[in-house]
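here is my input; please provide its structure:
(2 chains)
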There are 2 protein chains.
Amino acid sequence: MKLATLNNGSRDGQLVVVSRDLRQAIPAPIATMRDALEDWARAEPVLRALAGDLEAGTAVGAFAFDPAQAMAPLPRAYQWCDGSAFLNHGTLMQKAFNLEPIDGVEQTPLMYQGAGDDFLGARQDIRLPSVSQGIDFEGEFGVLLDDVPLGCTAQQALEHIVLVVQINDVSLRALAPREMKTGFGFLQAKPSSAFAPVAVTPDELGDAWRDGRVHLPLNIHWNEQWFGHPHGGQMNFSFGQLIAHAAFTRKLGAGTLIGSGTVSNTERSAGSACIAERRAIEMIEHGNARTAFMQFGDRVRMEVFGTDGQSVFGAIEQSVLQANG
Amino acid sequence: MKLATLNNGSRDGQLVVVSRDLRQAIPAPIATMRDALEDWARAEPVLRALAGDLEAGTAVGAFAFDPAQAMAPLPRAYQWCDGSAFLNHGTLMQKAFNLEPIDGVEQTPLMYQGAGDDFLGARQDIRLPSVSQGIDFEGEFGVLLDDVPLGCTAQQALEHIVLVVQINDVSLRALAPREMKTGFGFLQAKPSSAFAPVAVTPDELGDAWRDGRVHLPLNIHWNEQWFGHPHGGQMNFSFGQLIAHAAFTRKLGAGTLIGSGTVSNTERSAGSACIAERRAIEMIEHGNARTAFMQFGDRVRMEVFGTDGQSVFGAIEQSVLQANG
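A predicted model of the protein is given here:
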């Protein structure tokens, strides 16, 4: 089942069920994604029945799905915990910047709290104050949860994954080093994140969903040039492990979003899902970074295709523009 | 005006207007605090009219206010940014642990993203898995905002402060050092925060609200023993400056919560608002920490009195208990 949220002028939009081919949609009888996630046991059968009608061509009131009208599938989240579950990314950053290795990084996932109050839709512009802040995209996967109890194990956690999403975790690289050094973590360095138009139930991924990972490549284009297609299967910690990490000292409210961190593969031929990583590789290979961060007017495209060749989440296609410009 | 949220079995509770003496309440015609904050211009006159009736004794449907029924005034926030605006606290921690000084700490506030999905009411137990995690209370002030634009100045930011709250930012001190060292910031080290029963409009504080600060002492008792009464006026950054810091690269959605960080004064006679700080002072003065962190069954009480001697926010009175115990 695929779900999206259409902009209706409200902060939380209107929940819709979307067809597998992303061509048709129908309004859900549950107003918002938040409502659905907070009572998923009741919502799921209702939404699945609608999805069945939509695929069968018998849904009354179906209309053409326009990804440009889509907000983030969950436009606001009360919790957004972003992991760094592809260790190759951290290894490259560490080598390039001669950073001290972090103790226990292979046993305990890195994770930060993000801001959940203002998620962007797939076609919304990214508006930022200055290119001097080192504007970067960051392609990753995420999962939306129902209520997770404190102390949940990684195995139990998998049962709380309701939907899978695709994220552009926009990052400001010039601001990150100071925020990391303070020990308080990212704040100004992580402006609003953006989401592919559609969230999907794990079963929608078929065999590509296993071991709590999305076993598909994430295709990244920057200004229409190939940038990378790293594969989600190389995630060192599963989403189950990431959820268990977040739930170690507290329960997680329904609608919590957990992110994988930038998708990163050991094979250089896979490219990267963020500019910072390409720059790190350049520093390691050539002694200096050759690729600049994003300029105003730049575009990024991120898309995932299923084993059937069909776009799974729809594409993120965004421009970076000057704020208040 | 004073507002609270009563537990009605829903995740967001029922918004009520509370009398200045905290004795009476009346249901607001706006269902939840979230709704009120998202349309404050419309909500404020309606709520103020009710508050006037309540003070005049003419409110129909008023009932006795029971703080034990209060959830957090805003039971969930889409964004919770906690500063560390009392520099004395950081200075003591730095001295005690021989930490490297943080560059620019007097110019740029320290701030981390917290989890907003599960705030506790003033009388709710704090349920945690293990005392070995170094359970600590942390007394602070906070403000709830309406929509704040990107790039807002500190002066402009003051206009976006809708309500003032009082917070117990529960902390797990044994987990914090590793999380700080990774650079990703606090996650497991910051379980659910708790709130005094009532949120107040800044005007309710009278002269004690000025320069974007709460100029009142925060009284802390641990197991009925005095622990501190540090004064909010010594805040090195104003709430306006904290908001501007958070809004430097992004807008902040209505209902964002900004915290002051633990209240801390240079005079030792003021005591402390968290155990970690008392331990730091002991380490500086005696070479070792003598006070242990909290045990299961321990109680903490935090309360603020106005210049008229009246409890401003009502008291936080909580026990720490074993989770799932």
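
let me see the backbone angles for residue A:69.
The phi/psi pair for residue A:69 (degrees, to the nearest 10) reads phi -90, psi 0.

I figured it hits residue A:6, correct?
Yes. A contact is recorded between residue A:69 and residue A:6 when judged using CB atoms under 8 Å, the distance being 5.1 Å. Any C-beta I mention is one placed from the backbone N, CA and C, and that applies to glycine too.

I'd assumed residue A:265 was in contact with residue A:88.
Yes. In this structure, residue A:88 sits in contact with residue A:265. The criterion is CB under 8 Å, and the distance is 6.3 Å.

joint contacts of the two?
Shared contacts of residue A:88 and residue A:265, defined by CB atoms under 8 Å, 6 or more residues apart in numbering or on different chains, comprise residue A:234.

give me the more crowded residue out of these two.
Higher neighbour count among residue A:88 and residue A:265: residue A:265, with 22 against 19, using other CB atoms under 10 Å in any protein chain shown.

does the more buried one touch residue A:236 like I think?
No. Distance between residue A:265 and residue A:236: 11.3 Å, which falls outside the contact criterion (CB under 8 Å).

overlap of the contact sets of these two?
Here residue A:265 and residue A:236 share the contacting residues residue A:86, scored by CB under 8 Å, 6+ apart.

if you drop the residues flanking it in sequence, what lies closest to the residue of chain A found nearest chain B?
For chain A, the residue closest to chain B is residue A:185, as judged by CB to the nearest CB, at 2.0 Å. Nearest non-adjacent residue to residue A:185, counting by CB to CB, 6 or more residues apart in numbering or on different chains: residue B:185, 2.0 Å away.

for the one you found, give me the pLDDT.
According to the model's per-residue confidence, residue B:185 sits at a pLDDT of 97.

now residue A:325
In this model, residue A:325 is scored at 48, pLDDT.

so which bits of stretch A:300-311 are buried?
Applying a neighbour-count criterion of 16 or more other CB atoms under 10 Å in any protein chain shown, the buried positions in stretch A:300-311 are A:300-304, A:306, A:311.

now the terminal residues of it, how far apart.
Between the opening and closing residues of stretch A:300-311 lies a distance of 16 Å (CA to CA, to the nearest Å).

after the biggest helix by length in chain A, next one along is what?
The residue-count maximum for a helix in chain A (DSSP state H) belongs to helix A:40-56. Towards the C-terminus, the helix or strand next in line after helix A:40-56, according to DSSP states H and E, is strand A:63-64.

what does that next one contact?
Under the criterion CB under 8 Å, 6+ apart, residues A:23-26 lie in contact with strand A:63-64.

and that strand, which strands flank it?
In its sheet, strand A:63-64 lies beside strand A:24-27 (antiparallel), with partners assigned from DSSP bridges.

mind saving the C-alpha coords of the strand it pairs with as PDB?
Backbone C-alpha positions of strand A:24-27 (Å, rounded to 0.1, in the frame of the first residue of the first chain) are rendered in PDB as follows:
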ATOM      1  CA  GLN A  24      -4.100   7.500  -9.200                       C
ATOM      2  CA  ALA A  25      -5.100   8.600  -5.800                       C
ATOM      3  CA  ILE A  26      -8.200   8.600  -3.600                       C
ATOM      4  CA  PRO A  27      -8.800  10.600  -0.400                       C
END
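
which SSE is immediately downstream of that strand?
Towards the C-terminus, the helix or strand next in line after strand A:24-27, according to DSSP H and E, is helix A:33-38.

does that next one reach chain B?
Yes. Helix A:33-38 is in contact with chain B by CB under 8 Å from any CB of the partner chain, via residue A:38.

what's that helix in contact with?
Looking at helix A:33-38 with CB under 8 Å, 6+ apart, the contacting residues turn out to be A:3, A:5, A:12-13, A:15, A:28, A:30, A:43, A:47, A:73-76, A:144-146, A:162-163, A:199, A:254-255, B:11.

roughly how far is it from the heart of the chain?
For helix A:33-38, the gap between its own C-alpha mean and the chain's C-alpha mean amounts to 18 Å (CA atoms, centre = their mean, to the nearest Å).

likewise stretch A:308-325?
Centre to centre, stretch against its chain (CA atoms, centre = their mean), the figure for stretch A:308-325 is 12 Å.

ditto for stretch A:305-325
Distance, stretch centre to chain centre, for stretch A:305-325: 11 Å (CA atoms, centre = their mean).

anything in it near chain B?
Yes. Residues of stretch A:305-325 contacting chain B under CB under 8 Å from any CB: A:323-324.

residue boundaries of the helices in chain A?
Remark: helices assigned in chain A by DSSP H are A:33-38, A:40-56, A:87-97, A:154-158, A:176-182, A:239-246, A:275-286.

got a markdown table for those, with distance to residue B:174 and mean pLDDT too?
A markdown table is the format used below for these (distance: least, CB to CB, whole Å; pLDDT from 0 to 100):
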| stretch | distance to residue B:174 | mean pLDDT |
| --- | --- | --- |
| helix A:33-38 | 33 | 98 |
| helix A:40-56 | 35 | 98 |
| helix A:87-97 | 24 | 94 |
| helix A:154-158 | 22 | 98 |
| helix A:176-182 | 20 | 95 |
| helix A:239-246 | 16 | 98 |
| helix A:275-286 | 32 | 97 |
